[in-house]
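> only the shape, not the letters, is given here:
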Ligand code: SF4
Ligand code: SF4
């Protein structure tokens, strides 16, 4: 395992994101606990020492699942990172209560790392509202030793990100951004990395394989990838891309099986940063994917709870993407559960408001419904 220095701490270059555990049903909180614990244990065994969770992950269960699994290890042998759910402005008034509950759920007395969760163009004003005094409160917790290092995860566009950094770069020690070879150009991740360098903040990476989507590309795209990178798998190339970027300290991956942990840990045990030519090739490959019309959904499921039709929106968008490359309408029809197809969408736009990727979901569902009919 590669270890990176951060203010005297030795952090594994690969961290475990605890938001994509295998499920026993469609319900995000219905986690397969046995498998989840195996995933955490395997990560620990293979040298991962950074574990990331959040109030909202797995319907509020991720923190306690992680806390329970880690409780068998000495506290000084791992770093735990949690996040404040200020993307819902109602939580601002409950900061003390939520923070105390998070410590309780995780079974720890301090968080080594703590982040403002999802600073975006929609949530900036809430986070920057002096009246909420959230950052002030978190600095008090830091002074009291209950937070080791304070940072923020960011989905804002460049202007919003700069606005937040201008106001708070002195209080923030790291920033978690969505960074992968597709978003390098598609979501201006390159400029975000440059901006963080300007402010002297190290980069924590989320969505290195876009919620697994860059590991499960349509067959035709995989064939193209194999011809360019014959010695790589889709995830290993995605991780090698990140190994080439100066300033990247932590790469968080939400792993869903023990096999994935083993494969990813192997990539991080034998670093092979891309050379300039490979780097350009994979960025170009990402550019072609983003121009192909594929919907760049990460499968985070933030949109699902607010859908009045209870549609499995990320699953429908996966079908949309598959259809784009295969044109196999029959296969697409069979992949959609009865009565939960794209034609059920009532265009309420709740999903768009919840989507950190700002995807125009209803329009894509209309297109999908037309293709299926
Ligand atoms: S726009 Fe459609 S898919 Fe989105 S939340 Fe509303 S009904 Fe569900
Ligand atoms: S549509 Fe947006 S919110 Fe929903 S799963 Fe995809 S990326 Fe996440």
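Cool, got the structure. Fair warning: this is a prediction, and the values are worked out from it, not measured in the lab. Ligands and ions are numbered 1, 2, ... in the order given.
> distance between the ends of stretch 89-98?
When the termini of stretch 89-98 are compared using CA to CA, to the nearest Å, they are 13 Å apart.
> then stretch 16-33?
End-to-end for stretch 16-33, by CA to CA: 16 Å.
> what of stretch 136-154?
Terminal residues of stretch 136-154 are spaced 19 Å apart (CA to CA).
> buried residues in it, which are they?
Going by neighbour count (16 or more other CB atoms under 10 Å), the buried part of stretch 136-154 is 138, 141-142, 146-154. Every residue, glycine included, has its C-beta placed from N, CA and C.
> just checking, residue 151 is part of a strand?
Yes. Applying DSSP: H, G, I helix; E, B strand; the rest coil, one finds residue 151 inside a strand.
> mind putting the buried residues of stretch 136-154 in CSV, distance to residue 37 and pLDDT included?
Output for the buried residues of stretch 136-154, formatted as CSV (distance: CB to CB, whole Å; pLDDT from 0 to 100):
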residue, distance to residue 37, pLDDT
138, 30, 97
141, 29, 98
142, 30, 98
146, 26, 98
147, 26, 98
148, 25, 98
149, 27, 98
150, 29, 98
151, 27, 98
152, 29, 98
153, 25, 97
154, 31, 95
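> farthest-apart pair in the residues you listed, please.
Across the buried residues of stretch 136-154, the longest distance by CB to CB is 23.1 Å; it joins 146 and 154.
> apart from its chain neighbours, what residue comes closest to the residue in the stretch 1-150 of the chain positioned nearest to ligand 1?
Residue of the stretch 1-150 of the chain nearest ligand 1, by CB to the nearest ligand atom: residue 26 (14.8 Å). Closest residue to residue 26 apart from its sequence neighbours, by CB to CB, 6 or more residues apart in numbering: residue 312 at 6.9 Å.
> pretty sure the residue of the stretch 1-150 of the chain closest to ligand 1 contacts residue 310?
No. Contact criterion CB atoms under 8 Å: residue 26 and residue 310 do not qualify, at 9.2 Å.
> helices along the stretch 201-350 of the chain, start to end?
Residue ranges of the helices in the stretch 201-350 of the chain, as given by DSSP state H, counting those that start in this stretch, are 219-228, 234-243, 258-267, 276-291, 313-326, 329-334, 350-354.
> got the residues of this structure near ligand 1?
When proximity is defined as CB under 6 Å from any ligand atom, the chain approaches ligand 1 at 306-309, 311, 313, 345-351, 361-362, 365.
> same thing but 8 Å
Proximity of the chain to ligand 1 (CB under 8 Å from any ligand atom) is limited to residues 303, 306-309, 311, 313, 316, 344-352, 361-362, 365.
> could I have the buried ones of these as ChimeraX selection syntax?
Per 16+ other CB under 10 Å, the buried members of the residues of the chain next to ligand 1 correspond to this ChimeraX selection:
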select :303,307,309,311,313,316,345,350,351,352,361,362,365
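> can you narrow the residues of the chain next to ligand 1 down to the ones near ligand 2?
Among the residues of the chain next to ligand 1, the ones lying near ligand 2 by CB under 8 Å from any ligand atom are 303, 313, 351, 361.
> confidence score at the first one?
It stands for residue 303. On pLDDT, residue 303 comes in at 91.
> next up, the contacts around it.
Going by CB atoms under 8 Å, 6 or more residues apart in numbering, residue 303 touches 313-314, 350-352, 354-355, 361.
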